[in-house]
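# Curious how this folds, go ahead:
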Amino acid sequence: MAATKVKEIADIISAEVVGDGNVEITGVAKINEAGKGELTYLYLDKYAKYLETTQASAVIVGKDFPTNRNDLTYLVHPNPHWAFVQVLRRFFDSNADLSQTEDIDPTAVIASDAKIGKNVVIGRNVKIGKGSVVSHNVVVLEDSEIGENCIIYPNVTIREKSKIGNRVILHPGVVIGSDGFGFIPDEKGVYNKIPQIGNVVIEDDVELGANVAVDRAALGSTIIHKGVKIDNLVQIAHNVEIGENTVMSGQSGISGSSKIGKNVIVAGQVGIAGHLEIVDRVIIAAQSGVSKSITKQGMYFGTPVKEIKTSHKLEAHHRNLPKYAERINKLEKLVAELSQKLNEK
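Numbers count the residues shown, from 1 in each chain. Model prediction:
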């Protein structure tokens, strides 16, 4: 993003400037990560706590948010989220440059002992470390990095700016850096795409099964930490963070901006909603639905998920409902008979 004055951005999004409109903006970031020269936005009350500490130079806020920091320039808009999307659309283009006709761009830096298969496309400024194997039909787009001794199996797609550590294994069909599922409705209810301009960071010793999809962050990074192992057909949404040595079984999914702790076990077909936190050393049994943060270590099961002992008790009662109904009917008849006898006396 070329340096742009706040007042110019305000004109684009029709916002009111409170503060210094001549402040120059050179980038965008999340409110808790933004630094000097960056623009951010605030539209959810749960993130308002960062308004007093953000290091951003400017922030887009709604009309009801306080604008009392003298060192911060505010752009006041009735719909900050929508306004920020307009900024992303205006200043960022997420489409890769497809003008190159060569399979391996001359700016790519590939270790001499790395092995490259047939029909591989490697973009600008890509780096591939020692001993890594990039198999047939793999696409690695610009500014991505692959560390040492990695195995990238056939038909893997690694989109721009992805960072992959050492000894990472990506099985066939893995997609790294696909756009996050980000849309916002306009005043007519038509959904408009939110540009996803972040990236994906995969640390050392991670293994991703076939057809795993890891979305790039809207801003910042989607992060998979060291030692994580993920089974086939798993969806990791934008801005998710998965802690070290966590494992996930097939057909599970994590919604956007959720944070999973270290040494967590997620069994098959588990769904985890967005903006949640799961502490370290939690076990989530198969086919569970997690709709609230899990703040206590232990084993959980069910939809909505509960501590497993509680879930088993509830399941036992559920199985016995026909017996309970029969007993209740008998008791109701007995009460009716006793009432009739008392009335007769």
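
# Quick check: end-to-end length of stretch 110-129?
For stretch 110-129, the first and last residues are 6 Å from each other (Cα to Cα, to the nearest Å).

# The protein - how does it break down into domains?
4-91, 109-308 (automatic domain parsing).

# could you dump those domains to JSON lines with mean pLDDT, mean neighbour count and distance to residue 344?
Where C-beta positions appear, they are placed from N, C-alpha and C, glycine not excepted. As requested, the domains of the chain are exported to JSON lines (pLDDT from 0 to 100; neighbours: other Cβ atoms under 10 Å; distance: least, Cβ to Cβ, whole Å):
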{"stretch": "domain 4-91", "mean pLDDT": "93", "mean neighbour count": "18", "distance to residue 344": "64"}
{"stretch": "domain 109-308", "mean pLDDT": "96", "mean neighbour count": "19", "distance to residue 344": "49"}
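
# With respect to residue 338, which of those lies nearest?
domain 109-308 (38.6 Å; Cβ to Cβ).

# what's the distance between that closest one and the middle of its chain?
Chain-centre distance of domain 109-308: 9 Å, with Cα atoms, centre = their mean, to the nearest Å.

# just the helices in the stretch 201-345 of the chain please.
Along the stretch 201-345 of the chain, counting by DSSP state H, counting those that start in this stretch, helices occupy 308-319, 321-344.

# so of the ones you listed, which one's packed in deepest?
Counting by mean count of other Cβ atoms under 10 Å, helix 308-319 has the highest mean neighbour count of the helices of the stretch 201-345 of the chain, with a mean of 12.

# Now do that helix against helix 321-344, angle only.
For helix 308-319 against helix 321-344, the angle by axes from the mean of the first three to the mean of the last three Cα atoms, to 10 degrees is 60 degrees.

# let's number from 32 now, not from 1
Sounds good: first residue 32 from here, last item helix 339-350.

# how near is residue 188 to residue 372?
As judged by Cβ to Cβ, to the nearest Å, residue 188 and residue 372 stand 79 Å apart.

# Kindly reformat the domains of the chain as JSON lines containing distance to residue 345.
Output for the domains of the chain, formatted as JSON lines (distance: least, Cβ to Cβ, whole Å):
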{"stretch": "domain 35-122", "distance to residue 345": "30"}
{"stretch": "domain 140-339", "distance to residue 345": "7"}
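
# Quick check, pLDDT for residue 346.
If you check residue 346, the pLDDT there is 81.

# How about residue 133?
pLDDT, residue 133: 47.

# ok, now how distant is the spatially closest residue to residue 178 that is not a sequence neighbour from residue 161?
Of all residues not flanking residue 178 in the chain, residue 197 sits nearest, at 3.9 Å (Cβ to Cβ, 6 or more residues apart in numbering). Look at residue 197 and residue 161: by Cβ to Cβ, they are 9 Å apart.

# same question, residue 204
26 Å.

# which ones are touching the closest residue to residue 335 other than its chain neighbours?
Spatial nearest neighbour of residue 335, chain neighbours left out: residue 322 (4.8 Å); criterion: Cβ to Cβ, 6+ apart. Listed by Cβ atoms under 8 Å, 6 or more residues apart in numbering, the contact partners of residue 322 are 304, 307, 335-336.

# Quick check, residue 202 in contact with residue 183.
No - applying Cβ atoms under 8 Å as the test, residue 202 and residue 183 come out as separate, 9.3 Å apart.

# what residues do the two have in common as contacts?
Here residue 202 and residue 183 have no joint contacts, going by Cβ under 8 Å, 6+ apart.

# Let me see the ranges of the helices in the stretch 32-181 of the chain.
37-44, 111-122.

# Adding distance to residue 241, write these out as TSV.
Formatted as TSV, those follow (distance: least, Cβ to Cβ, whole Å):
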stretch	distance to residue 241
helix 37-44	42
helix 111-122	32
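
# ok, back up a step: mind checking the helices of the stretch 232-376 of the chain for the one nearest to residue 140?
Closest of the helices of the stretch 232-376 of the chain to residue 140 is helix 339-350, at 49.6 Å (criterion: Cβ to Cβ).

# Check which helices and strands the closest one sits against.
strand 329-332 (3 or more Cβ pairs under 8 Å, 6 or more residues apart in numbering; DSSP states H and E).

# so what pLDDT did residue 129 get?
pLDDT, residue 129: 40.

# Can you give me every residue that contacts the closest residue to residue 311 other than its chain neighbours?
Once flanking residues are discounted, residue 311 sits nearest to residue 292: 3.8 Å by Cβ to Cβ, 6+ apart. Listed by Cβ under 8 Å, 6+ apart, the contact partners of residue 292 are 274, 277, 308-313.

# Out of these, which is nearest to residue 111?
Nearest to residue 111, judged by Cβ to Cβ, of those is residue 308 at 23.9 Å.

# Can you tell me how far that closest one is from residue 77?
12 Å.

# ok, now residue 237?
Taking Cβ to Cβ, one finds residue 237 at 30 Å from residue 77.

# same check, this time on residue 208
27 Å.

# Kindly report the same for residue 170.
From residue 170 to residue 77 the distance is 37 Å (Cβ to Cβ).

# before we move on, what about residue 165?
In terms of Cβ to Cβ, residue 165 sits 41 Å off from residue 77.

# what's the answer for residue 58, then?
Residue 58 sits at a distance of 24 Å from residue 77 (criterion: Cβ to Cβ).
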